[in-house]
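K.L.:
sequence first, then the predicted structure, then my questions.
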Amino acid sequence: MVRVAIIGAGGYSGAELVGLLLAHPDATVVGLFGSARREGAGSGPAAFSDGWPRFRGSMDLPVRATDVAAVAALEPDAVFLATPHEASLELAPTLAARGLRVFDLSGSFRLKDASLYPTFYAFDHHEPEWLARAVYGLPELFRADIKTADLVAVPGCYPTSAILPLAPLVRAGALRLDAAGRPMRPIIDATSGVSGAGRTPSTRTLFCEVSQQAYGVLKHRHTPEIDAYAGAPVVFTPHLGPYDRGILSTIHVELADGWNYARVGNALRDAYSGERFVRFCPSGVWPAVNDVAGTNFCDLAFAVDEPFGHLVMASALDNLVKGAAGQAVQCMNIRLGLDEAAGLPGLAPARSVTR
C-alpha cells in the first residue's frame, strides 16, 4: 500500500483528499497535519473527525502540528500540501529535499517566473531552484513530466477549467491575430462555488450574503497561470456563485481564417480522445456543475458562429476534485505507477462539502 501524509487536513481540499484516499485501493493515510494557520497547533480538533463528523469512525487520526521531521518519520510515499501559499513555499522544498514526493495544491510553484509572485501572490519567491524543477500537474498535458517529478504543482481550479479547452487550440494556431500579429485574447468568464474561497468565513460567503458576483477583475492571481499553460494571454474574470462546489467557465475565442466547427472539434478530440477524465457533451447539451459534482471529470462543449469566426466553449468541473484533490491524486497515481483512475470518482453522486 502507498503511504500518504496530508498537511493542511482541515480545509475543504484536505478533507476531499481524505475522502478520496479512503476509497483508494492502493493507498493508506498514515498521517494528518495542520496548516500553518489553523488546525494542529493546539487550538484545533484532536481528531480529524471532530472537525469533519462525516468521517467519524472511518478517519479518526489526530491532526498533528506540522513538523517536517515528524512527516518524514512516517516514511510516506507521497505528501500532499493543502496549505496556504506561503506555507507551501517553506514546506515543499524541505520535504522534497528529503527525498519525499510532494504534491502541492497551493500556487507557490505553479508560475515559472518568480517576478510575478509579489504582484499576484503578495510574497517574494525565494526558491528559484525548486520553482524551475516543479512540474505543472495537469495530467492531460504534462503526464510524461509528472512521471519523474519530485515536486508537482497541482493546478488551480479556474486554470484547469480554462487551460483544458484552450491549450489544444492555441497549439494548433486557431487564434486570430490582431493588426500587430498578436493572438487576440480569449475572454474567460468563470463562476466558482463558495468552497473555492476556502473554509475561513467572510461576509460575502455567509449563507445570507452569498450572491453571483465578479471579483479580482483584471488582476486575479490565476491569470498568469492560465496565460502560461494555455499558451496565450487571456482576459479572465472570476465570479462567486451561490452554490457550494463546482466551476463553470464560458470562453470566447476569435478564430483564425480556415477554422470552423469541424476543425475545432477535430483539434479538441485529437487532444483528449484517450483521456478518461475529459468528456465531450452530446450535441446541443452544455456542461453543468451538477453533472460533474463529486467527480474528477471536466465536461466540454462548444459552438462556432461561422460567419463571424467566433467560438464559444464551456467547461464544467468540481473545484474540489478535478480542480484540487482529485487532480492531486491523479498526479500521485501517475508518479507512483498506479492506475491513473484509482480512487477517483466517476459517476458518483454529488456530495456536500458541509458536515
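P.N.:
Ah, there it is. Residues are numbered from 1 along each chain as shown.
K.L.:
can you pull out the low-pLDDT segments for this structure?
P.N.:
Applying pLDDT under 70 to the chain flags residues 36-45, 347-355.
K.L.:
strands along this structure, start to end?
P.N.:
2-7, 27-33, 63-64, 78-81, 102-104, 135-136, 151-153, 187-192, 213-214, 235-240, 247-254, 278-280, 298-305, 310-317 (DSSP state E).
K.L.:
buried sites along the second one?
P.N.:
What that stands for is strand 27-33. Neighbour-count burial for strand 27-33 flags A27, V29, V30, G31, L32, F33 (criterion: 16 or more other CB atoms under 10 Å). Any C-beta I mention is one placed from the backbone N, CA and C, and that applies to glycine too.
K.L.:
for burial, what's the neighbour tally of the closest residue to T295 other than its chain neighbours?
P.N.:
In this structure, T295 finds its nearest non-sequential neighbour in P345, 5.0 Å apart by CB to CB, 6 or more residues apart in numbering. Around P345 there are 20 other residues, counting by other CB atoms under 10 Å.
K.L.:
T250 and A190 touch, don't they?
P.N.:
Yes: under the criterion of CB atoms under 8 Å, T250 is in contact with A190, at a separation of 7.5 Å.
K.L.:
neighbour count: those two, which is higher?
P.N.:
A190 (24 against 16).
K.L.:
tell me what the more buried one is bridged to.
P.N.:
Beta bridges link A190 to P238, S249, judged by DSSP bridges.
K.L.:
just the helices in the stretch 101-250 of the chain please.
P.N.:
Along the stretch 101-250 of the chain, counting by DSSP state H, counting those that start in this stretch, helices occupy 117-120, 128-133, 139-146, 157-171, 223-230.
K.L.:
what's in contact with stretch 205-220?
P.N.:
Stretch 205-220 has contacts (CB atoms under 8 Å, 6 or more residues apart in numbering) with 120, 158, 191, 194, 197, 203-204, 235-242.
K.L.:
which of those are buried? Put it as a PyMOL command.
P.N.:
For the buried members of the contacts of stretch 205-220, the matching PyMOL selection, counting by 16+ other CB under 10 Å, is:
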select buried, resi 120+158+191+194+197+236+237+238+239+240+241
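K.L.:
could you work out the most separated pair of the contacts of stretch 205-220?
P.N.:
Farthest pair in the contacts of stretch 205-220 (CB to CB) is T203 and V235. Separation: 27.7 Å.
K.L.:
circling back: who's in contact with the residue nearest to T295?
P.N.:
So P345 contacts L20, A23, G294, T295, N296, V321, G326 (CB under 8 Å, 6+ apart).
K.L.:
repeat that for Y121.
P.N.:
Residues near Y121 by CB under 8 Å, 6+ apart: H85, G107, S108, R221.
K.L.:
for it, give its distance to R221.
P.N.:
6 Å (CB to CB, to the nearest Å).
K.L.:
next up, phi/psi of H125, please.
P.N.:
H125 adopts backbone torsions of phi -90, psi 120, taken as degrees, to the nearest 10.
K.L.:
now it: how far from A114?
P.N.:
Counting by CB to CB, the gap from H125 to A114 is 4 Å.
K.L.:
which one of those two has more residues nearby?
P.N.:
Neighbours around H125 and A114, counted as other CB under 10 Å, are more numerous at H125. The numbers are 19 against 14.
K.L.:
correct me, but the more buried one touches L89?
P.N.:
Yes: when contacts are counted by CB under 8 Å, H125 is listed as touching L89 (7.0 Å).
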